[in-house]
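Asker: Requesting a structural model of the entry that follows:
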Amino acid sequence: GNKHLRVVIDLGMQHLMCDAEIKSTVTQLQCSYASVLNLAVDAVMARCPRDDSHSPPPGDMLFTALERKRRVARRLASAAGEECEPPRLLFSSLDGRIASALARDEGSARWPVTTSAEPFREAAARLCAKGTRPIRRIVVLSPDAPAALTDPPSPEDVYVIGGLCDYKRIANATLDRADAFGVDARRLPIEETLGTNLNVNILTVNQTCECLFRARLNGGDWADALRGVLPKRKMEEVEETRRRRGEGR
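Answerer: As a prediction, the model looks like this:
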């Protein structure tokens, strides 16, 4: 049991962002929850026969569309395999402008997301509810990390995504966070799987979260997971670079 992924989004770097970037980051937090929930629903529906008894009651206005999907996902996850459950999400270092922005969004208050004002290393313990697996290691995902994350995402680990706006490219920001807290850092295996390391190594918060869950669902096929989250224009850049280098597909 307890095969769900555990993902922390580290919001302890908001001092590096202007208000417009904070707004974009909050949008990416919202998309992170929505994207993995959609994936979970797709996965469980694909693995289970259609059963209308799992559908929300007609006219049930107490649930938003996302909450309906979450209810379907959780009801079917036991039949489809617990790995289909959406990741357990935690927002760490949640205070200041990001906390205020989320507080203004009424829908966010209903998300099943754990929040903490503590830094990610201390806050990660909140993902260890009674009966869940102990944490084997904490892994910070950083585009500047020397080593790539090549193994399938494990429910025994906690993965930390830097809550920085993707167009705010600050060298070593997330790697420095990992070093400061004495935890491992890994980058997504973009170069190893797609054969290039263009600016596609900077993904949005929600793309990174979705990529982790895709790799969990498909058994660690990182190339497939990355292709599933990279925008079409980014994949065109990758393919053009491969052609120039004379690389095969």
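Asker: okay, CA-based contacts and neighbour counts for the rest of this
Answerer: Noted.
Asker: List the contacts of the closest residue to Gly220 other than its chain neighbours.
Answerer: Nearest in space to Gly220, with sequence neighbours left out and distances taken as CA to CA, 6 or more residues apart in numbering, is Pro152 at 4.0 Å. Residues near Pro152 by CA atoms under 8 Å, 6 or more residues apart in numbering: 215-216, 219-221.
Asker: Report the separation between Pro152 and Ile138.
Answerer: Here the criterion is CA to CA, to the nearest Å. By it, Pro152 lies 15 Å from Ile138.
Asker: How about Pro119?
Answerer: Pro119 sits at a distance of 13 Å from Ile138 (criterion: CA to CA).
Asker: one step back: what's the most distant pair in the contacts of Pro152?
Answerer: Arg216 and Asp221 (8.4 Å; CA to CA).
Asker: which one of these two has more residues nearby?
Answerer: Arg216 (24 against 16; other CA atoms under 10 Å).
Asker: Surely that one and Asp151 touch.
Answerer: No: using CA atoms under 8 Å, Arg216 is not in contact with Asp151; the gap is 9.9 Å.
Asker: Compare neighbour counts for Pro119 and Ile138 and give me the winner.
Answerer: The neighbour count for Pro119 versus Ile138, taken as other CA under 10 Å, is higher for Ile138 (22 against 16).
Asker: So the residue nearest to Gly220, which state does it fall into?
Answerer: coil (DSSP: H, G, I helix; E, B strand; the rest coil).
Asker: and it, what pLDDT?
Answerer: pLDDT, Pro152: 95.
Asker: same thing with Glu239?
Answerer: pLDDT at Glu239 comes out at 78.
Asker: Skipping adjacent residues, who's closest to the spatially most central residue of the chain in space?
Answerer: In the chain, the centroid-proximal residue (CA atoms, centre = their mean) is Cys209; its distance is 1.5 Å. The shortest distance from Cys209 to any non-neighbouring residue, by CA to CA, 6+ apart, is to Ser32 (6.2 Å).
Asker: What distance do you get for the one you found to Ala147?
Answerer: For Ser32, the distance to Ala147 - CA to CA - is 25 Å.
Asker: try Cys209
Answerer: Remark: distance between Cys209 and Ala147 (CA to CA) = 19 Å.
Asker: Arg227 too?
Answerer: The gap separating Arg227 from Ala147 is 20 Å, by CA to CA.
Asker: buried residues in the lengthiest helix in the chain?
Answerer: The single longest helix within the chain, with elements called by DSSP state H, is helix 19-47. The neighbour-count check on helix 19-47 (16 or more other CA atoms under 10 Å) flags 21-41, 43-45 as buried.
Asker: next helix or strand past the lowest-mean-pLDDT helix or strand in the chain?
Answerer: Between all helices and strands in the chain, the lowest mean by mean pLDDT, DSSP states H and E belongs to helix 65-80, at a mean of 59. Downstream of helix 65-80, the next assigned helix or strand under DSSP states H and E is strand 88-92.
Asker: still on that earlier bit, for the residue nearest to the centre of the chain, which residues are in contact?
Answerer: Residues near Cys209 by CA under 8 Å, 6+ apart: 7, 32, 36, 161.
Asker: Show me the contact partners of stretch 14-34.
Answerer: By CA under 8 Å, 6+ apart, stretch 14-34 touches 66, 89, 97-98, 101-102, 108, 163-165, 168, 204-207, 209-210.
Asker: Filter those residues down to the ones in strands?
Answerer: When DSSP state E is applied, the contacts of stretch 14-34 are split such that Leu89 fall in strands.
Asker: Produce a ChimeraX select command limited to the buried residues of the contacts of stretch 14-34.
Answerer: Those of these that count as buried under 16+ other CA under 10 Å are selected in ChimeraX with:
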select :66,89,98,102,163,164,165,204,205,206,207,209,210
